[in-house]
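Enquirer: Need a 3D model of the sequence below.
(chains A and B)
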Amino acid sequence: MSVSTSQPDALTPLERQYILLTQNGLPIIAKPYHWIADKLGISVEEALALTQDFQQRGIIRRIAAVPNHYKLGYKFNGMTVWDIDDIQASKFGDAVGKLPFVSHCYLRPRHLPSWNYNLFAMVHGKEPEEIQHYRSQIKELLKEVLVTRESDDTSQSIPSQSNDMLTSTQILKKTGLRLKRKTTSVS
Amino acid sequence: MDKSSTTQVAELSTLDKGLINLLQHGLPVCERPFIQIAEELDSTEDEIIEHLNRLLESKVLSRFGPMFDAACLGGAFTLAALTVPEEDFEKVTEQVNSFEQIAHNYRRDHTYNMWFVIATESQEEIDLVIEKIEKQTKLTVLNTPKLEEFYVGLYLPA
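Expert: You can find the predicted model right below:
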């Protein structure tokens, strides 16, 4: 659990080169760090140390494989949103984030009266019932901290409820997030 | 692109499933990382590498490598939403997607029916993009930047 505070300009030129080289992925070969070392003109030991250092600083979360949701049959996703007590939000957000079926979990600002939810947790499943079940499990975990709001604003168009689940019905755009080459000193 | 190739559920061997499950959690950082994986799955380094390359080619895996924290790579991000009238949905989708700073955009079943991630170089640029979207679409953007992050990572058992 952390608020991201890292500054991109804290990266050395070599670190930026490492990111540019690997952000689209690593080749699946017996010695991937030899490949990195060759490309960056450093030793294998340096390539390994750089990777470990990135992991320690939280810049690299892990070296891993990302499956395609659909190919594994995970066709349903729900953005569950929760209106929880601000004082306990960090503690309970952390607990929700630890649930195995939650992929992203964030605290975000409310915009009352139209948007009263401050905790967001994404869930994924193979069947619609599965994500409903996950929502119920999160609800159980959060039951003591869910906020009940009296709808005192009669002009309010959206009824106040303590939680909701927004399922995606269509991907309208999807691109990757990338470190931009133009801001680097790499020639 | 053949849409079915990315949306059809794949037939997977026991080894493939084991690999997908294990490698989502992460690979050890060492010279020959696949040796350790092979031992855990009762396989060989060569076999693991061959299967992994095949899973990547058939797009069962969309990516292999370091998972970077996007915020550490610099720039600013936010999640934003719009309530788009049904009759204008197509037009507004085009307007919003036309900004190169829109990384993802999803239609969701809610009064706020369009949710998108804005990724920019700076906070000022986020504000500018929101201002432009509001001007073009004549709709009010719900801006929900993250205040605190608890977990980003997904484990999808195969």
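Enquirer: distance between the ends of stretch A:59-77?
Expert: 27 Å (C-alpha to C-alpha, to the nearest Å).
Enquirer: Check whether that stretch comes near chain B.
Expert: Yes: using C-beta under 8 Å from any C-beta of the partner chain, we find that stretch A:59-77 touches chain B at A:59-74. C-betas here are computed from N, CA, C, even on glycine.
Enquirer: okay, the residue most central in space within chain B: pLDDT?
Expert: Residue closest to the average C-alpha location in chain B (C-alpha atoms, centre = their mean): residue B:104, at 8.2 Å. The model reports residue B:104 with a pLDDT of 90.
Enquirer: would you say it is within a strand?
Expert: Yes: assessed by DSSP: H, G, I helix; E, B strand; the rest coil, residue B:104 belongs to a strand.
Enquirer: Could you tell me how many residues sit around residue 143?
Expert: Because you didn't say which chain, this covers chain A. Neighbourhood size, residue A:143 [other C-beta atoms under 10 Å in any protein chain shown]: 9.
Enquirer: you looked at the wrong chain, it should be chain B
Expert: 17.
Enquirer: For chain A, which segments count as strands?
Expert: Assigned by DSSP state E, the strands in chain A fall at A:60-67, A:76-82, A:102-107, A:119-125, A:163-174.
Enquirer: Over to chain B?
Expert: Taking DSSP E, the strands of chain B run over residues B:61-68, B:76-82, B:102-108, B:114-120, B:142-144, B:148-152.
Enquirer: Show the secondary-structure elements that the last one is packed against.
Expert: Contact here means 3 or more C-beta pairs under 8 Å, 6 or more residues apart in numbering or on different chains; DSSP states H and E; on that basis strand B:148-152 packs against helix A:89-97, strand A:102-107.
Enquirer: Same list (these) but as a markdown table, adding mean pLDDT.
Expert: Shown next, in a markdown table, are the helices and strands packed on strand B:148-152 (pLDDT from 0 to 100):
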| stretch | mean pLDDT |
| --- | --- |
| helix A:89-97 | 96 |
| strand A:102-107 | 93 |
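Enquirer: For the ones you listed, please prepare a markdown table with the additional fields distance to residue B:119 and mean neighbour count.
Expert: Output for those, formatted as a markdown table (distance: least, C-beta to C-beta, whole Å; neighbours: other C-beta atoms under 10 Å in any protein chain shown):
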| stretch | distance to residue B:119 | mean neighbour count |
| --- | --- | --- |
| helix A:89-97 | 22 | 18 |
| strand A:102-107 | 15 | 22 |
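Enquirer: how about the ones you listed, which one is nearest residue A:47?
Expert: Smallest distance to residue A:47 across the helices and strands packed on strand B:148-152 (C-beta to C-beta): 29.3 Å, for strand A:102-107.
Enquirer: other SSEs contacting that closest one?
Expert: helix A:89-97, strand A:119-125, strand B:148-152.
Enquirer: Tell me the strands beside that strand, with direction?
Expert: Paired neighbours of strand A:102-107 in the sheet (DSSP bridges): strand A:119-125 (antiparallel), strand B:148-152 (antiparallel).
Enquirer: Around residue 84, how many other residues sit close by?
Expert: Since no chain was named, I'll use chain A. So residue A:84, with other C-beta under 10 Å, has 22 neighbours.
Enquirer: try chain B instead
Expert: With other C-beta under 10 Å as criterion, residue B:84 counts 21.
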